[in-house]
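Q: Could you work out the structure for the sequence below:
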Amino acid sequence: MSHPRLTDKPGAVATAAAIRAGELSPLEAVELAITRIEKLDAHVNAVVVCDFDRACGTARAMTAPRADQPLFGVPMTVKESFDVEGLPTSWGHEKFAGQTAARDSEVVRRLKRAGAIILGKTNLPPDLADWQSNNPVYGRTNNPHDHARSPGGSSGGSAAAVASGMVPCDFGTDIGGSVRVPAHFCGVWGHKSSWGLVGKRGHEHPAFAGRGTHEGALSIAGPLARNAGDIDLLLKLTADRPLPPPSGKPFSELRLLALLDHPACPVDEAVRAPTEAAITALEHAGARIDRASDRLPDLSRQHGDYMRMLNIAMARGAPAPDGKRASATDWFDLLDAQARNEAAWAALFDTYDFVLTPPAPVLAIEHRETRFFEGEVTIDGTSRPAADTLAWAGLATFPNLPATVLPIGATGALPCGMQVIGPRWSDRDCIAAAAAFAEILHG
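A: A predicted model of the protein is given here:
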C-alpha cells in the first residue's frame, strides 16, 4: 500500500544524526529549513510567526552536542498557542496579536534543552476550536495536498508544515482530534498523549495567561512528524513522567480490535475503504483482529458525556447558546462518568492490546467561511451535523487514552490515517505498534 507524500526531506532523528556526523552544521540545517519555508509557505501559509534571525543566531552559537541533546541543531516549529519567549501568542485573536510571551512554555523549554532550534510558530483557528486553521490574524492555512482543502485543526499549521517538508517536526495540542485529524488530513504521523503525560505549562489562552489555566480537562499536548521514531523521541523528551519502553510483544501475538462503526457518526467510504484495506493487509500478515466486542463501553453514552464535557471545558463554564450554565454538580457528575468510562476501557484492554479506528470519518474537508462544527458535513451522500464527526476523536479523548495516527493510504490524492488506541500510559507501545503496522503496509 502507498500513501501520498510531498517530501523526501529527512526527519528530526535523521537530521540530528547528519549534524553529529559532521555532514551538516546546525546553521546549514536551519538555513535549509528557512529556504523551504520561504519557497513553499506562500501557497500553504503554515508558519505564521517567523523567528528566523534568532534561529540563525542560536545555530551559529552551537558548538558540540551534549549527551542529553538528541535534537542538537534540529530546526522545528510549534503551534502558535505555545508560548515562545519574545513571540506573540494570540490564539488567532486580533486583540492579542501584539501580546508577546515573557518566557518559554514547558514543552518549548524541554525541546530547546534537547538541542532543537525553534524557527517559528504554526497556524491554528481562534480558540483552537475548529478543524480548519483560519483566523483574522494570520489568515488561512491550506492543505499541501490540495490547496482548496483544510489541513485540519486545530494543529493544522503544524501538520501542513511537516507534510510539505518545511520542518521535520512540530508540537501541537489535542482535545477534539486537534493533533490526530491534521495528521490524518495531511498524511503525517501524530500522537495524542495520555492525558497528564506532557505538561502544558505556558500553553494558556491569552485572556487567562498567568492564572494557572494551562492543563484543562481532556486537552493534551502531542507531537507531529513524518515517522514513528521522531514521534517517540519527541514524546520522551517532553513527558512529565518516565515511560516504560515498548513491551516488544511480537506482532503475531497482538490482540487487536478494529472499530469502524460508531452509533453517533458513520464513516465515509473514502475513509472506510483504505482503512478496511489496511486491516485486511494486517490480517494477511498474521494479525488477529476482531471486528466487534461486547466489552466495548456504551459508545453512545460516552459520546454524549464527551460532548458535554468538551463544550463546558472549551467555554470555561460560560453559558451555552441556550443560556444554560453547567453547575458544579453537573461537572462532578461528568467526572464520575469519565472515571466509569476510563474503567470500562481498561477492562477492554484486558482482552485487547490496541483498538484500531479512523481518526475522523471524512478526509480533508473543503474550505468554508464558517466554523466547520457550526455547519453540516456530507458522509456517503447524506448530510448530518458536522459536530457528530467528533465522535471518533472522543473515543480516546474522553477516557484519557493515548492514540497514535499513522498514514495508511489514500482515496484519490487525499491521504488517510488510522489511529492506534491503547491503555493509558502505553504511549510508546502505541507508537511502536503503529510503526510495525506501517512497515507491513508500506514496506
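
Q: so what's Pro244 scoring on pLDDT?
A: Pro244 carries a pLDDT value of 88.

Q: element containing it, please.
A: Under the criterion DSSP states H and E, no helix or strand holds Pro244.

Q: so the residue nearest to it when sequence neighbours are not counted, which of the three states?
A: Residue nearest to Pro244 in three dimensions, not counting chain neighbours: Arg428, with 7.1 Å by Cβ to Cβ, 6 or more residues apart in numbering. In this view, the C-beta of every residue, glycine as well, is placed from N, C-alpha and C. Under the three-state scheme (DSSP: H, G, I helix; E, B strand; the rest coil), Arg428 adopts helix.

Q: And Arg428, how far from Pro361?
A: Going from Arg428 to Pro361 by Cβ to Cβ, to the nearest Å gives 28 Å.

Q: higher neighbour count, these two?
A: Of the pair Arg428 and Pro361, Pro361 is the one with more neighbours under other Cβ atoms under 10 Å, namely 25 against 22.

Q: gap between that one and Thr382?
A: In terms of Cβ to Cβ, Pro361 sits 12 Å off from Thr382.

Q: Please name the residues that touch the residue nearest to Pro244.
A: Arg428 makes contact with Asp232, Leu235, Lys236, Leu243, Pro244, Pro245, Pro246 under the criterion Cβ atoms under 8 Å, 6 or more residues apart in numbering.

Q: Relative to Pro274, which of these is nearest.
A: Set against Pro274, the nearest of the contacts of Arg428 by Cβ to Cβ is Asp232 (24.3 Å).

Q: what ranges of the chain fall below the confidence cut-off?
A: By pLDDT under 70, the low-scoring segments of the chain are 1-2, 210-215.

Q: need the helices for it, in chain order.
A: 12-20, 26-44, 52-61, 106-113, 156-163, 180-186, 228-238, 269-284, 299-315, 328-348, 390-397, 427-442 (DSSP state H).

Q: what's the most buried one of these?
A: Comparing the helices of the chain by mean neighbour count (mean count of other Cβ atoms under 10 Å), helix 156-163 comes out on top with a mean of 35.

Q: so what does that helix touch, helix or strand wise?
A: helix 26-44, strand 47-50, strand 75-79, strand 117-122, strand 169-174, helix 180-186, strand 220-225 (3 or more Cβ pairs under 8 Å, 6 or more residues apart in numbering; DSSP states H and E).

Q: could you redo these as a markdown table and give each row distance to Val108?
A: Shown next, in a markdown table, are the helices and strands packed on helix 156-163 (distance: least, Cβ to Cβ, whole Å):
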| stretch | distance to Val108 |
| --- | --- |
| helix 26-44 | 16 |
| strand 47-50 | 13 |
| strand 75-79 | 6 |
| strand 117-122 | 6 |
| strand 169-174 | 8 |
| helix 180-186 | 19 |
| strand 220-225 | 11 |
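
Q: Those: which one's closest to Gly323?
A: strand 169-174 (29.2 Å).

Q: And the closest one, how far out from the chain middle?
A: Distance of strand 169-174 from the chain centroid (Cα atoms, centre = their mean, to the nearest Å) equals 6 Å.

Q: Stretch 254-269 too?
A: Using Cα atoms, centre = their mean, the offset of stretch 254-269 from its chain centre is 20 Å.

Q: what's that stretch in contact with?
A: Looking at what lies outside stretch 254-269 - Cβ under 8 Å, 6+ apart - the contacts are 272, 275-276, 279, 282, 287-291, 293, 296, 299-300, 303, 348, 351-358, 361-363, 379-380, 384, 388-392, 395, 433.

Q: if I look at the residue nearest the centre of the chain, how far off is Gly152?
A: Nearest residue to the geometric centre of the chain (Cα atoms, centre = their mean): Val179, 1.6 Å. Taking Cβ to Cβ as the measure, Val179 falls 9 Å from Gly152.
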